[in-house]
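[1] Quick one, structure for this:
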Amino acid sequence: MIRDAESPCQTVDRATAIHYCHYRRMEMRDTVRLGITGLGSWARRAYLPNIKRMGDVEIAALCTRSRANMDVALKLVGGTPRQFDSHSEMLSWGELDGVIVATAACSHRAVVEAVLQAGLPVLCAKPLATTVAVLKTPERHTAPGGVFGEFRLREKA
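    Numbers count the residues shown, from 1 in each chain. Here you go, the predicted structure:
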């Protein structure tokens, strides 16, 4: 248990403390610093151009195993985001407020779990997992505080 600095009488568990410290750090900055892992066509066509349009969001880190995808993404983003070739290195950097996971579908679950374990909010491109069995395994984690959300895309009727 960890004692909450603003309320000396209250103790909180580690996950809650990470969650609290993360959001306190965000309150002190004017911009949200995002990391994006997976820089394939979906990230380059959808996420990067739209995030770049947002004035209060900075693409602080990019992560991919493909040098070609990194080069294209850097041209789209501009600036000097940190470059990583593994999501674990990007998460260890410790300077992000959230992560977008746009890797291959077969890796979504593992990367999302790593991001949640780091105490960061995550947006994951669909699908979260490739089979129902993968979703039902006991290792599945939720965000600090037990919050977990999902969104789905649907074709217009």
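[2] So which bits of the helix or strand harbouring Ile51 are buried?
    Assigning secondary structure by DSSP states H and E places Ile51 in helix 48-53. Residues 48, 51 are the ones in helix 48-53 that count as buried (16 or more other Cβ atoms under 10 Å). Every C-beta, even on glycine, is put in place using the N, C-alpha and C of the backbone.
[3] contact partners of it?
    Applying Cβ atoms under 8 Å, 6 or more residues apart in numbering, the contact partners of helix 48-53 are 34, 36, 39, 57, 59, 73, 76-78, 100.
[4] And the helices in this protein, which stretches?
    For the chain, applying DSSP state H gives helices covering 14-27, 41-42, 48-53, 67-77, 87-93, 108-117, 132-135.
[5] helices and strands around the fourth one, which ones?
    The criterion is 3 or more Cβ pairs under 8 Å, 6 or more residues apart in numbering; DSSP states H and E, and the helices and strands that helix 67-77 contacts are helix 48-53, strand 57-63.
[6] averaging pLDDT over each of those, which comes out lowest?
    Of all those, the minimum mean pLDDT falls on helix 48-53 (a mean of 88).
[7] Restricting to C-alpha, output it in CSV.
    Listed in CSV are the C-alpha atoms of helix 48-53, where the atom choice follows Å, rounded to 0.1, in the frame of the first residue of the first chain:
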residue,chain,number,x,y,z
LEU,A,48,-1.4,10.1,-37.5
PRO,A,49,-3.1,12.7,-39.7
ASN,A,50,-6.0,13.2,-37.3
ILE,A,51,-3.9,13.4,-34.2
LYS,A,52,-1.6,16.0,-35.9
ARG,A,53,-4.7,18.2,-36.4
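[8] If we go by neighbour counts, what in stretch 33-45 is buried?
    33-40, 43-44.
[9] Tell me the span between the first and last residue of it.
    20 Å (Cα to Cα, to the nearest Å).
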